[in-house]
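Participant: Task: produce atomic coordinates for the following.
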Amino acid sequence: MASHRLRPCVGRLFGMGPELGSGRRAYSAFQAFTEVLRLPSKQLTKLVFPLQELHGHFVPGSRPDLHLNIFHPSLEDIARAESFFTASARNRIEYLSSAVRLDHAPDLRRPEVCFIGRSNVGKSSLIKALFSLAPEVEVRVSKKPGHTKKINFYKVGKYFTLVDMPGYGYRAPEDFVDMVETYLKERKNLMRTFLLVDSVVGIQKADNIAIEMCEEFALPYVMVLTKIDKSSKGHLLKQVLQIQKFVDTKTQGCFPQLFPVSAMTCSGIHLLRCFIADITGNLKTTGFQFS
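Facilitator: Numbers count the residues shown, from 1 in each chain. Model prediction:
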């Protein structure tokens with residue numbers, strides 16, 4: 001069984017130290033999307049479609065194999081998706097519960113998406129950014145790696161549940177393997193796993209183990225590149241091309257389009273919200289060319 005084959009390598013996920021590097025972790029507030037729409041074209045593209053903005057920096061005539069138009073919703077689609085993440089009296093967005101084992105998890109019928117990544121990849125900051133339209137939702141962001149020790153469930157109205165998984169690698173919970181592996185294998189309403197990769201350092205050994213787990217379990221997953229504000233444009237382009245090649249040649253279950261994001265500058269967050277709204281069945285965009 002896949003579980004027995006993977007357990008030795010999955011167990012290594014919580015035995016690795018953090019990558020070198022530090023930086024400010026302050027969280028900056030988002031603009032309302034109505035304000036984003038008033039931005040000049042280049043600024044809007046950089047904020048909403050960062051992968052497309054990166055593509056514009058290649059030498060004219062070169063054809064890097066980036067999948068830019070697999071999920072390319074209209075601005076109207078993105079504006080509609082914002083409503084699912086906007087808290088109101090009729091759309092309550094809130095922390096629901098935490099669990100250390102699957103049998104402790106809330107029994108929910110609504111679709112789920114989960115976020116998983118190496119410790120210190122910026123997972124909590126990203127989730128906080130996604131929930132910036134619901135400021136009363138408390139997502140703790142720590143400078144210390146391994147802050148998340150349980151599986152945390154957040155209710156997004158009547159539409160879906162967002163699940164924050166413990167980080168793997170440095171200072172992961174002792175029962176990480178049983179906790180996360182069981183959830184990923186057996187959670188029947190899990191629609192998509194979002195695997196976060198630090199765009200500054202690229203895919204690391206621990207990430208490869210997590211990718212192998214997703215592939216072995218035949219999970220549909222998406223690669224989200226965090227901290228894109230931390231790199232020079234040239235370094236970021238290099239990393240994006242390397243990771244895109246990896247996805248194209250080494251994976252089967254990974255969604256072919258990358259999602260670069262920054263929780264600091266908000267870049268890519270609007271598009272990621274729209275993607276989540278679409279895959280959970282709450283929004284049918286006009287620009288989705290892949291199931």
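Participant: could you pull out the strands for the stretch 51-200 of the chain?
Facilitator: Along the stretch 51-200 of the chain, counting by DSSP state E, counting those that start in this stretch, strands occupy 93-99, 112-117, 151-156, 160-164, 190-198.
Participant: What angle do strand 112-117 and the longest one make with each other?
Facilitator: Read that as strand 190-198. 20 degrees (axes from the mean of the first three to the mean of the last three Cα atoms, to 10 degrees).
Participant: In CSV, list the C-alpha atoms belonging to strand 190-198.
Facilitator: C-alpha atoms of strand 190-198 as CSV (Å, rounded to 0.1, in the frame of the first residue of the first chain):
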residue,chain,number,x,y,z
LEU,A,190,-11.0,17.4,0.0
MET,A,191,-11.2,19.0,-3.4
ARG,A,192,-7.6,20.3,-3.8
THR,A,193,-4.3,20.4,-1.9
PHE,A,194,-2.3,23.6,-2.1
LEU,A,195,1.4,22.8,-1.8
LEU,A,196,3.4,25.9,-0.9
VAL,A,197,6.9,26.3,-2.1
ASP,A,198,9.3,29.1,-1.2
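Participant: Can you give the contact residues for that strand?
Facilitator: Residues outside strand 190-198 that contact it (Cβ atoms under 8 Å, 6 or more residues apart in numbering) are 19, 111-118, 120-123, 126, 160, 163, 183-184, 203-204, 207, 210-211, 214, 219-227, 243, 254-255, 276, 279-281. All C-beta spots, glycine's among them, are computed from the backbone N, C-alpha and C.
Participant: what does the second one give?
Facilitator: Residues from elsewhere that reach strand 112-117 (Cβ under 8 Å, 6+ apart): 123, 126-127, 160-165, 167-168, 180, 183-184, 187, 189-197, 207, 210, 224, 226, 276, 279-280.
Participant: Q43: which of the strands of the stretch 51-200 of the chain is closest?
Facilitator: strand 190-198 (25.1 Å; Cβ to Cβ).
Participant: Neighbours of A32, how many?
Facilitator: Residues near A32, counting by other Cβ atoms under 10 Å, number 10.
Participant: I meant to write P220 there.
Facilitator: As a burial measure, P220 scores 14 neighbours (other Cβ under 10 Å).
Participant: Could you list the low-confidence segments of this protein?
Facilitator: Applying pLDDT under 70 to the chain flags residues 1-31, 59-63, 140-149, 170-176, 289-291.
Participant: if I look at the residue nearest to K128 when sequence neighbours are not counted, how far off is L126?
Facilitator: Leaving aside its sequence neighbours, K128 sits nearest to V139 (Cβ to Cβ, 6 or more residues apart in numbering; 4.3 Å). Separation of V139 from L126 (Cβ to Cβ, to the nearest Å): 9 Å.
Participant: next one: D77
Facilitator: The gap separating D77 from L126 is 21 Å, by Cβ to Cβ.
Participant: And for I78?
Facilitator: Relative to L126, and taking Cβ to Cβ, I78 is found at 17 Å.
Participant: Between the two, tell me which one has more neighbours.
Facilitator: L126 (26 against 23).
Participant: surely the more buried one meets V224?
Facilitator: Yes: in this structure, L126 is within contact of V224 by Cβ atoms under 8 Å, at 7.3 Å.
Participant: who touches both of those two?
Facilitator: Common contacts of L126 and V224, defined by Cβ under 8 Å, 6+ apart, comprise F115, L196, V261.
Participant: need those residues in JSON lines with distance to I70, can you?
Facilitator: Listed next are the shared contacts of L126 and V224 as JSON lines, based on distance: Cβ to Cβ, whole Å:
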{"residue": "F115", "distance to I70": "21"}
{"residue": "L196", "distance to I70": "19"}
{"residue": "V261", "distance to I70": "17"}
